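Q: Sequence plus predicted model, see below.
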Amino acid sequence: MSPYPLHTILFMDIETVSQCPVFDEVPDEWKELWRAKAGALVQREKEPTTPEELYGKAAIYAEFGKVVCISCGIISGHPNERKLLLKSFYGDDEKDVLTRFYDLLHKWGSEGQKYLCAHNGKDFDFPYLCRRMIIHGMRLPHVLNLAGKKPWEIPHIDTMELWKFGEFKSFISLNLLAHALGVPTPKDDIDGSQVGEVYWRQKDLARIAAYCQKDVATVAQVYLRIHGEELILPENIEIKA
């Protein structure tokens, strides 16, 4: 069974894109900074490439990317009738997206111990959010602020870390883990590599939010499966406007 009360866990996922649609539109001073950052990436590529051609990967670095969608979910109810309520914050104004999510965290986490759960969250989602909030001059919400906390006091759960069982070198995608555990993965549209194109070329934020929500539902189901809990029925997964 879950070592934490399920209602105290906020399952989440973020989607990020590069600051500009193409490298040519990046301000000159940032072009040089990206070339310096991307130098190591070029060496790791199997095919010959350049920093300019790799600009699409800027989305995964908080200094060169931005958050366009944050989706989250909360589990409620008894084991036989559990529900997962999903909600997304998305838009072109990153600070507005972050502020609305901050307000949710402030209200949700104001009483008792609360936890955040994401797949690879400790290495990506949580630090990315912290960095972007600081860049915008925002204060970090308590549940994201790790300053002064001992390792056992950090309220972050990572399904990838849970699956490692102490192993350091292993990486597993959420999709693979879900399939290995027999968890349904309703990914019938885009994948993470297409988010930038859907955002910059198609201007379809709603589509990105729908994809992000599916990831959150999968993270929640994977967490339940790892801890021997009953999965949530598809009809009990709701989206809050």
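A: Structure received.
Q: Mind listing the strands the strand ranked longest in the chain pairs with, and their directions?
A: Ranked by residue count and defined by DSSP state E, the top strand of the chain is strand 65-76. Strand partners for strand 65-76, identified by DSSP bridges, are recorded as strand 9-18 (antiparallel), strand 83-90 (antiparallel).
Q: burial of the closest residue to Leu205 other than its chain neighbours, as a residue count?
A: Here the nearest residue to Leu205 in space, its sequence neighbours aside, is Tyr90; by Cβ to Cβ, 6 or more residues apart in numbering that works out to 5.0 Å. The way it works is simple: take the backbone N, C-alpha and C, and place the C-beta from them, glycine included. Counted with other Cβ atoms under 10 Å, residues neighbouring Tyr90 total 19.
Q: Next, the angle from the helix or strand bottoming out on mean pLDDT in the chain to strand 9-18.
A: Of all helical and strand segments in the chain, the minimum by mean pLDDT, DSSP states H and E falls on helix 28-44, at a mean of 87. Angle of helix 28-44 versus strand 9-18, following axes from the mean of the first three to the mean of the last three Cα atoms, to 10 degrees, is 110 degrees.
Q: how far does helix 28-44 sit from the chain's center?
A: Here the centre of mass of C-alpha atoms in helix 28-44, compared against the chain's by Cα atoms, centre = their mean, to the nearest Å, lies 24 Å away.
Q: In the protein, what residue spans correspond to strands?
A: Using DSSP E, strands in the chain cover 9-18, 65-76, 83-90, 115-118, 156-158, 237-239.
Q: The ones you listed: which one's closest to Glu229?
A: strand 65-76 (9.3 Å; Cβ to Cβ).
Q: Now find how far off-centre the closest one is within its chain.
A: 7 Å.
Q: Pick out the shakiest of the strands of the chain, pLDDT-wise.
A: The weakest mean pLDDT among the strands of the chain belongs to strand 237-239, with a mean of 94.
Q: Which residues outside it are in contact with it?
A: The contact list for strand 237-239 (Cβ atoms under 8 Å, 6 or more residues apart in numbering) reads Lys83, Leu84, Leu85, Leu86, Lys87, Ser88, Gln213, Ala217.
Q: Which strand residues bridge the residue nearest to Leu205?
A: Residues in a beta bridge with Tyr90, per DSSP bridges, are Cys69.
Q: Which helix in this protein has the most residues?
A: Longest helix in the chain, counting residues (DSSP state H): helix 205-226.
Q: Could you name the helices and strands sitting against that one?
A: strand 9-18, strand 65-76, strand 83-90, strand 115-118, helix 159-164, helix 174-180, helix 195-200 (3 or more Cβ pairs under 8 Å, 6 or more residues apart in numbering; DSSP states H and E).
Q: and the least confident helix or strand of the chain, C-alpha only, in PDB?
A: Backbone C-alpha positions of helix 28-44 (Å, rounded to 0.1, in the frame of the first residue of the first chain) are rendered in PDB as follows:
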ATOM      1  CA  ASP A  28      22.000  37.700 -30.500                       C
ATOM      2  CA  GLU A  29      23.300  37.500 -27.000                       C
ATOM      3  CA  TRP A  30      21.300  34.300 -26.300                       C
ATOM      4  CA  LYS A  31      22.400  32.800 -29.600                       C
ATOM      5  CA  GLU A  32      26.000  32.800 -28.300                       C
ATOM      6  CA  LEU A  33      24.900  31.400 -24.900                       C
ATOM      7  CA  TRP A  34      23.000  28.600 -26.600                       C
ATOM      8  CA  ARG A  35      26.000  27.800 -28.800                       C
ATOM      9  CA  ALA A  36      28.200  27.400 -25.700                       C
ATOM     10  CA  LYS A  37      25.500  25.300 -24.000                       C
ATOM     11  CA  ALA A  38      24.900  23.100 -27.000                       C
ATOM     12  CA  GLY A  39      28.600  22.400 -27.700                       C
ATOM     13  CA  ALA A  40      28.500  19.200 -25.500                       C
ATOM     14  CA  LEU A  41      25.200  18.100 -27.100                       C
ATOM     15  CA  VAL A  42      26.700  18.300 -30.600                       C
ATOM     16  CA  GLN A  43      29.400  15.900 -29.500                       C
ATOM     17  CA  ARG A  44      26.900  13.300 -28.300                       C
END
